[in-house]
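S.K.: Sequence plus predicted model, see below.
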Amino acid sequence: MIKVLVVDDDFMVAKIHSGYVQRVAGFEVVAVAHSGAEALRSVADLRPDLVLLDIYLPDMDGLSVLRALRTDDQPAAEPDVLVISAAQDLDTVRGAVRGGALHYLIMPFSFDALREQLERFRELHERLSELPGDAPAAQQDVDRLFGTPQRGASTPKGLASETAAVVQRVLQGTEGDLSASECAQAAELSRVSARKYLEHFVATGRAEVRLRHGGAGRPERRYRWSR
């Protein structure tokens, strides 16, 4: 279970947010804090994985709590933080980003909005646990953790993944390069369709293209799979 600390000075709001969290599978609320000092004590004592942090607190603002969580004064735990607040000024939002907050939800928000963020956090939590602690991270591991689309990982709208796989096999099975017409014949597609997939592979870095100049007319585009 992912342990969550809910921090909000309003008792009713804190109760609502806690109820939202409990409705998402894999999460449990371990405590509720109504002040900055109480939040810091709870983090030190309970070591939550995630803090839902309000900005408006009676003793210190949420950004000060966020900064305190990132200093040596809190050596026992370094939880991730999701800011949830009615504060909409850009300085506060920038402060949350610079302080290392995962995201910033402006109140009021729906259960679905919070659930989406919690599910993203759960996915990140699972990805981190999958990585070996003593091994260097590869770039694809880092891209996955930061949510960066992997090059060529998906087929854009209008292109079918099954057809893309066919064109890929043709490219990979060809010695040297080939034209869109030659690819279309091998893949049993129209020339226009074959070229769309070939250009997609070029755009995503999985194929290379060169121009072959011949007689009159435009140069021919020749494709090959990137080795």
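M.R.: All right, it came through fine.

S.K.: where does the chain have its least confident helix or strand?
M.R.: The weakest-scoring helix or strand in the chain, judged by mean pLDDT, DSSP states H and E, is helix 139-145 (a mean of 62).

S.K.: ok now the helix or strand following that helix, how far from the chain's centre?
M.R.: Using DSSP states H and E, the helix or strand that directly follows helix 139-145 along the chain is helix 161-172. How far helix 161-172 lies from its chain's middle: 28 Å, per CA atoms, centre = their mean, to the nearest Å.

S.K.: Now helix 161-172: buried residues?
M.R.: Neighbour counts using 16 or more other CB atoms under 10 Å place 163-164, 166-168, 170-171 of helix 161-172 among the buried residues. Heads up, the C-betas are built off the backbone N, CA and C, glycines and all.

S.K.: what's in contact with the helix or strand following it?
M.R.: Once the chain leaves helix 161-172, the next helix or strand it forms, by DSSP H and E, is helix 180-187. Contact with helix 180-187 is made by 163, 166-167, 170-171, 174, 178, 189-191, 193-195, 198, 221, 223, as judged by CB atoms under 8 Å, 6 or more residues apart in numbering.

S.K.: now do 7 Å
M.R.: 166-167, 170, 190-191, 194-195, 198, 221, 223 (CB atoms under 7 Å, 6 or more residues apart in numbering).

S.K.: Could you dump the buried residues of helix 161-172 into CSV with pLDDT added?
M.R.: Below are those laid out as CSV (pLDDT from 0 to 100):
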residue, pLDDT
Thr163, 88
Ala164, 88
Val166, 90
Val167, 92
Gln168, 90
Val170, 91
Leu171, 91
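
S.K.: Between these, which sits nearest Glu116?
M.R.: The closest of these to Glu116 turns out to be Ala164 (CB to CB; 28.8 Å).

S.K.: Surely the closest one and Glu199 touch.
M.R.: No: in terms of CB atoms under 7 Å, Ala164 does not count as a neighbour of Glu199; the distance is 11.7 Å.
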